[in-house]
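Trainee: okay, sequence plus prediction incoming.
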Amino acid sequence: MRGVILAALAAFGIATAAVAQDPGNILVIEVDGAVKGTVEIELLPELAPQHAERMRTLAREGAYDGVVFHRVIDGFMAQTGDVEFGTREAFGSGRAGTGGSSLPDLPAEFSGENFAKGVVGMARAQSPDSANSQFFIMFDEGAFLNGQYTVVGRVISGQEVVDAITRGDGANGAVSNPDWMASVKVKSDL
């Protein structure tokens, strides 16, 4: 809805810079490894309230700190957020991407939002209601995901950092020497 309003304002020549983003819905991610930089993600609670709240909760707990980008497929997306097996300490176990948090899985919150470059979606297993802590950031458009995965946010700054994240090998995109999220904070808490 916010995107529609901004487009309407722009169509009438009304400046949209004055439309402020809620710092309580912005995650600030410090990326480290071969790539270093800051990525800001605007969470979209109007599309996925439970998923946005989950990401805020995990960020505030520090659960995302030190979690690697374990699956990165060129031209598609970078996946992270496995707070159980995807930490830098646990990464060598070979189980990165199979875990979640201690919180229960979330029901799908599908929307009409398209998976475009910079969109953040929630990763899940076969069941649409199995998203937990893992998420992915799109490198490019992925229309085949529309209506199949929950859109939870979008990159508002630092897409160039996302675009430089170390790619994985093979069709699955497993990364042998991954970049990681050194810290993930809610902007209003900084």
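Mentor: That came through, no problem. Numbering: from 1, shown residues only.
Trainee: all contacts plus neighbour counts: C-alpha atoms, from now on.
Mentor: Will do.
Trainee: C-terminal to the helix or strand bottoming out on mean pLDDT in the chain, what's the next element?
Mentor: None of the helices or strands of the chain scores lower by mean pLDDT, DSSP states H and E than helix 2-11, at a mean of 50. Scanning forward in sequence from helix 2-11 by DSSP states H and E, the next helix or strand is strand 26-32.
Trainee: now do the helix or strand that that following strand is followed by against strand 26-32, angle only.
Mentor: Using DSSP H and E, the helix or strand that follows strand 26-32 in sequence is strand 37-43. For strand 37-43 against strand 26-32, the angle by axes from the mean of the first three to the mean of the last three C-alpha atoms, to 10 degrees is 150 degrees.
Trainee: alpha carbons only: can I get the helix or strand just after strand 37-43 in CSV?
Mentor: Moving toward the C-terminus from strand 37-43, the next helix or strand (DSSP H and E) is helix 49-61. In CSV, the C-alpha atoms belonging to helix 49-61 read as follows (Å, rounded to 0.1, in the frame of the first residue of the first chain):
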residue,chain,number,x,y,z
PRO,A,49,3.2,-8.6,10.5
GLN,A,50,4.3,-11.9,12.2
HIS,A,51,7.4,-12.3,10.0
ALA,A,52,8.5,-8.7,10.5
GLU,A,53,8.0,-9.0,14.3
ARG,A,54,10.1,-12.3,14.3
MET,A,55,13.0,-10.6,12.5
ARG,A,56,12.8,-7.6,14.9
THR,A,57,12.8,-10.0,17.9
LEU,A,58,15.7,-12.0,16.7
ALA,A,59,17.7,-8.9,15.9
ARG,A,60,17.0,-7.4,19.3
GLU,A,61,18.1,-10.7,20.9
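Trainee: angle of helix 49-61 against strand 26-32?
Mentor: Using the same axes, to 10 degrees: helix 49-61 against strand 26-32 is 50 degrees.
Trainee: mind listing what's buried along helix 49-61?
Mentor: 50-56, 58-60 (16 or more other C-alpha atoms under 10 Å).
Trainee: which single one of those is nearest to Pro178?
Mentor: Ala59 (20.0 Å; C-alpha to C-alpha).
Trainee: which ones are touching that closest one?
Mentor: 27, 65, 184-186 (C-alpha atoms under 8 Å, 6 or more residues apart in numbering).
Trainee: distance check, it against Asn146.
Mentor: Distance, Ala59 to Asn146, by C-alpha to C-alpha, to the nearest Å: 26 Å.
Trainee: return the distance of Glu113 relative to Arg154.
Mentor: When distance is defined by C-alpha to C-alpha, Glu113 is 11 Å away from Arg154.
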